[in-house]
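J.: I need the structure of the sequence given here:
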Amino acid sequence: MADSSEEFSVKPKKGILKPEGEDPTRFVVTFSPREYGKAPHGTLVIRTSLMQWTYKIKGVHPKYVRPQASSTIRGLMDARTKRAPTKARNAVRDNIKAVKTSTIFEGRPRRAPRGLGSPQGRR
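T.: Modelled structure (predicted):
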């Protein structure tokens with residue numbers, strides 16, 4: 001292919017054309033893009049001793065087709081990593097219970113925190 005991009009190739013490069021009336025000689029032009037952007041173009045020239053045919057070739061990039069992938073998760077768990085289901089915990093109740101039994105507050109009377117709702121907070 002004369003005056004063409006390297007992304008084009010033609011087969012056969014040389015050969016003998018079949019005579020008129022028989023099945024036509026087949027030419028295969030391949031376009032293998034190496035980068036995307038401007039569509040490359042080229043010229044295909046077929047020469048014989050009597051005639052010459054010239055074809056303008058324009059490369060067209062293939063349409064993007066999004067891959068169809070599916071996610072899979074194995075629901076099986078190895079016996080070594082399995083744990084018995086744990087009982088639901090009430091963290092608020094456990095924290096209140098821990099504060100009541102803590103020794104930090106022993107010996108001192110507990111006072112309500114000062115704030116908008118307490119009488120000491122209004123001055």
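J.: what about the helices in this protein?
T.: In the chain, the segments counted as helices under DSSP state H are 91-101.
J.: what are the boundaries of the strands in the protein?
T.: For the chain, the strands defined by DSSP state E occupy 8-11, 28-31, 41-47, 52-58.
J.: quick one: mean pLDDT over the third one.
T.: Looking back up the chat, that one is strand 41-47. Strand 41-47 carries an average pLDDT of 88.
J.: do the same with the last one
T.: Over the span of strand 52-58, the pLDDT mean works out to 90.
J.: give me the angle between that strand and strand 41-47.
T.: 160 degrees (axes from the mean of the first three to the mean of the last three Cα atoms, to 10 degrees).
J.: where does the protein dip in pLDDT?
T.: The model of the chain has pLDDT under 70 over residues 1-4, 80-81, 84-85, 103-123.
J.: recalculate using a threshold of 80.
T.: Applying pLDDT under 80 to the chain flags the ranges 1-5, 36, 71-87, 101-123.
J.: so which of the strands of the chain is nearest Gln68?
T.: With Cβ to Cβ as the criterion, Gln68 lies closest to strand 28-31 of these, at 25.4 Å. (Each C-beta comes from the backbone N, C-alpha and C, glycine too.)
J.: counting by contacts, list what the closest one packs against.
T.: Packing partners of strand 28-31 (3 or more Cβ pairs under 8 Å, 6 or more residues apart in numbering; DSSP states H and E): strand 8-11.
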